[in-house]
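Undergrad: sequence first, then the predicted structure:
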Amino acid sequence: MTSSIPTVDDLAADPVTHHYDDMIAPAGLTNMLGTVRVDHDLTAMSAVQFPPISQGLTQTAVLFVDGRLFASYGVPVTHEWRPDRVVRRAAIGELTIETTTVCVPGSMAVAIDIAVSSSVARSVVIGLSAAARVTRSADAWLDAESPSEPDAVTVVEGTLEFSSADAKAWSVQGLLGGTAALSGVAESEEFDLGIGGNGRGGDLTVTLDVPAGGTARTSYVQAVGTTASAARSAYSAIVADVPGAVASAEEFWNRQLSAAFTSGNGEFSGALPVLETASEPLRRIYWWAALGVIWFRRDYEGNVLGRSYDTLMPNYWGTTTFIWDYSLSSISHALLDPDEMRNQLRHWISLDIHSHFGTSSLTGGPVGRWYSVNDYAMIRLVHDYVRLTGDVEFLSERVGDTTVGESVQEWATAWKALRRDTDLADYGEIDNLLECVSSYTHEVASLNAANVWSMRTAASLASLQGDDSAAAELRDAASELLPSVVARYLPGEGIFSAGQPDGTQLAVRHCYDFSVVGTTIADDLAPEVRAEMVEFFQRELQTDNWMRALSPWDPDASYSVRPDHQWNGAYPAWPADAGRALAALGAPSVLLDWLTGLAQTANQGPMGQAHFVEEAVPGINGGARKAPPQLPYIIDWACSSSGAWIELVIEALFGVSVATDGTVTAAGCVAGIDPSATLRGLRVGGKSYDVHADGRVIA
């Protein structure tokens, strides 16, 4: 019988075999203190980041075998990812080399177990080219790539020790039983990663005597720290027992996964409901979604919030939590870790949400420019927190000069200050919205429809506090705005137009209009409008195992190849939100028919910042391929908004509706794939509910 709680084996990615510089997104690992990117060759890794220590995308531990660069042998490499490790394997003639890489639990360190086997007895020289650019920035990491700086390097007892100029950041790297030597390459202040090269600090070498038909082993460790003694101490403890570190990583991740579905666990302040189902695609999607939220928890020492959830990893925006992305996993956060969510919300309310897209867990300060979605995102977050936790008093809590409830009402009506010459809000330029769709600007239907929902939701929260006068005003304002939003619909096409400052209307065929309109005002649309929107989605956006964010019939499809928002792929929350919209628009059968294909894409680790549609790039073992980090794609390997798929399962498939006052009902479509499916332990307002496929809700 299949367990209802996953282990690392259940979430293992399919093995991926590839050659040097194939279109493969390098995988990431984390121990919730920091992250590392696991690169193509058998030992190389990049972006070893353990806040407050960063070093950009610096690559180290590049493999040489018998003095020759491993990549130059041209042999295929197989990667096998699990939450706790990445196993890499390749054959060179009579040699087979297998490595297991882990982020060591509880340490600012990465370890690699290296096993070399041979069909004949021989000596093998294993060499690693080591580099580091460790630094400890006094400021937030305000760019996509984290800070780095040229380091000094010395040889100390068979290791290479790298240090920043101010001696506030250290990296110790070494091979068990090996030697270390400086590279002899002159330092250059003009050195720049990605332009002039990766840099060389020194070389680590060990000779292994491999018996015929047998295996010889060594281990590599990189430990970082804010002092030399801290980095040295961590290195020494780990290198003495790397197999123990590998076992510890497996135990750590199995504990996290179990805790995430267990009420009263010692890891999270809440828990996700347990899914019992005979449907393998449904189970796979739900577990995949849960992993993608857990994966981003950050508990490092010095985190100003104590705990936070990053948005991307392992390449970009380390230590930054984006309001938009966090809101897309809103229900997940409210169920899994409500204490953290409450703390994060208070922090954002204390700042000006109209001046940034997120905040730094290093400093608490703002990061980036304003995202137009912020008002809608914050209302969604507060609403989900209050209705799922039952913490109504949060609305009366004062943060700065206003209460949380007053802030909600301000956000709900902030759109009025953005109007130009029409009834709709102008949400700015490309960088305030989707960043790579040049026509999706200004008076977009999505966020204006969201304003109708936001005012209605703010009204419900006001009523919960007994402010019926404010609630009535908000509902009236929502009713007044609604016709102007609906008027932007283009009959017969299933899409909306975006008003421009010069008065023109641009037809836009983007999924964000479909999803947000469909999940906020579906009941206000005429039946023929709902039907045409679904037809548009099926005709121009849906694919077998993923979706296009932008229709290839949209003229703007020529503007960019960034696959999170363009024709060649989609951001990970978009299929989930589109699925919720399908159900809300009256097409649950379309969603159910799509699930099996979507589940095939849960085969490459946690959801990527974007996956390609197969028209653009062939998939991997039936799943839509993750997009890579290099230009022109600049897509990260994992993204926290996968929690949107938990919302898809709970609110669309099971049809769970939690009213503002905490009343729970259910009327979903999940019985169409599994009449016996049950969500157990859905916690709302301190009570636990079991939700059955037939709509029964049992406390």
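TA: Here it is on my side, so go on. Note that the coordinates shown come from a computational prediction; the quantities given were computed from them, not determined experimentally.

Undergrad: could you pull out the strands for the stretch 351-500 of the chain?
TA: For the stretch 351-500 of the chain, strands defined by DSSP state E, counting those that start in this stretch occupy the ranges 358-360, 366-367, 398-399, 402-403, 489-490, 495-499.

Undergrad: kindly reformat those strands as JSON lines containing mean pLDDT and distance to Glu94.
TA: Any C-beta I mention is one placed from the backbone N, CA and C, and that applies to glycine too. Shown next, in JSON lines, are those (pLDDT from 0 to 100; distance: least, Cβ to Cβ, whole Å):
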{"stretch": "strand 358-360", "mean pLDDT": "97", "distance to Glu94": "51"}
{"stretch": "strand 366-367", "mean pLDDT": "96", "distance to Glu94": "51"}
{"stretch": "strand 398-399", "mean pLDDT": "96", "distance to Glu94": "66"}
{"stretch": "strand 402-403", "mean pLDDT": "96", "distance to Glu94": "72"}
{"stretch": "strand 489-490", "mean pLDDT": "98", "distance to Glu94": "66"}
{"stretch": "strand 495-499", "mean pLDDT": "98", "distance to Glu94": "60"}
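
Undergrad: those strands into TSV, with extra columns for mean neighbour count and distance to Leu335?
TA: As requested, those are exported to TSV (neighbours: other Cβ atoms under 10 Å; distance: least, Cβ to Cβ, whole Å):
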stretch	mean neighbour count	distance to Leu335
strand 358-360	25	22
strand 366-367	20	26
strand 398-399	14	23
strand 402-403	15	25
strand 489-490	18	35
strand 495-499	24	32
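
Undergrad: now those strands as TSV including distance to Asp556?
TA: Below are these laid out as TSV (distance: least, Cβ to Cβ, whole Å):
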stretch	distance to Asp556
strand 358-360	26
strand 366-367	28
strand 398-399	40
strand 402-403	39
strand 489-490	16
strand 495-499	11
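
Undergrad: what's the closest of these to Glu615?
TA: Minimum separation from Glu615 across those (Cβ to Cβ) falls at strand 495-499, 20.3 Å.

Undergrad: other SSEs contacting that closest one?
TA: When contacts are defined as 3 or more Cβ pairs under 8 Å, 6 or more residues apart in numbering; DSSP states H and E, strand 495-499 packs onto helix 445-464, strand 489-490, strand 505-508, helix 511-520.

Undergrad: now the longest one, how far from the chain's geometric center?
TA: If I follow you right, that is helix 445-464. 27 Å (Cα atoms, centre = their mean, to the nearest Å).

Undergrad: which residues touch the residue of the chain most remote from its centre?
TA: Here the chain reaches farthest from its C-alpha mean at Ala121, the gap being 45.8 Å by Cα atoms, centre = their mean. Listed by Cβ atoms under 8 Å, 6 or more residues apart in numbering, the contact set of Ala121 reads Asp209, Val210, Pro211, Ala212.

Undergrad: what helix or strand does the residue nearest to Ile331 when sequence neighbours are not counted sit in?
TA: Once flanking residues are discounted, Ile331 sits nearest to Glu647: 4.7 Å by Cβ to Cβ, 6 or more residues apart in numbering. Glu647 is part of helix 644-647, with elements assigned from DSSP states H and E.

Undergrad: can you name the element that comes right after that helix?
TA: Next element after helix 644-647 (DSSP H and E): strand 656-658.

Undergrad: mind listing what's buried in whichever helix or strand comes after that next one?
TA: Downstream of strand 656-658, the first helix or strand assigned by DSSP H and E is strand 664-666. Buried residues in strand 664-666, counted by 16 or more other Cβ atoms under 10 Å: Val664, Ala666.

Undergrad: strands paired with the helix or strand just after strand 664-666, and their directions?
TA: Sequence order places strand 678-684 as the next helix or strand after strand 664-666, per DSSP H and E. Applying DSSP bridges, strand 678-684 is found paired with strand 274-276 (antiparallel), strand 687-692 (antiparallel).

Undergrad: what about the contacts of Ala121, which are in strands?
TA: Of these, the ones assigned to strands by DSSP state E are Asp209, Val210.

Undergrad: follow-up on the earlier one: wait, doesn't the residue nearest to Ile331 sit right on Ala334?
TA: No - assessed by Cβ atoms under 8 Å, Glu647 is found out of contact with Ala334, at 10.3 Å.

Undergrad: neighbours of Asp9, just the number please.
TA: Using other Cβ atoms under 10 Å, Asp9 has 11 neighbouring residues.

Undergrad: wait, isn't it in contact with Glu80?
TA: No - counting by Cβ under 8 Å, Asp9 sits too far from Glu80 to count as a contact (11.2 Å).

Undergrad: between those two, what contacts are shared?
TA: With Cβ under 8 Å, 6+ apart, Asp9 and Glu80 have no common neighbours.
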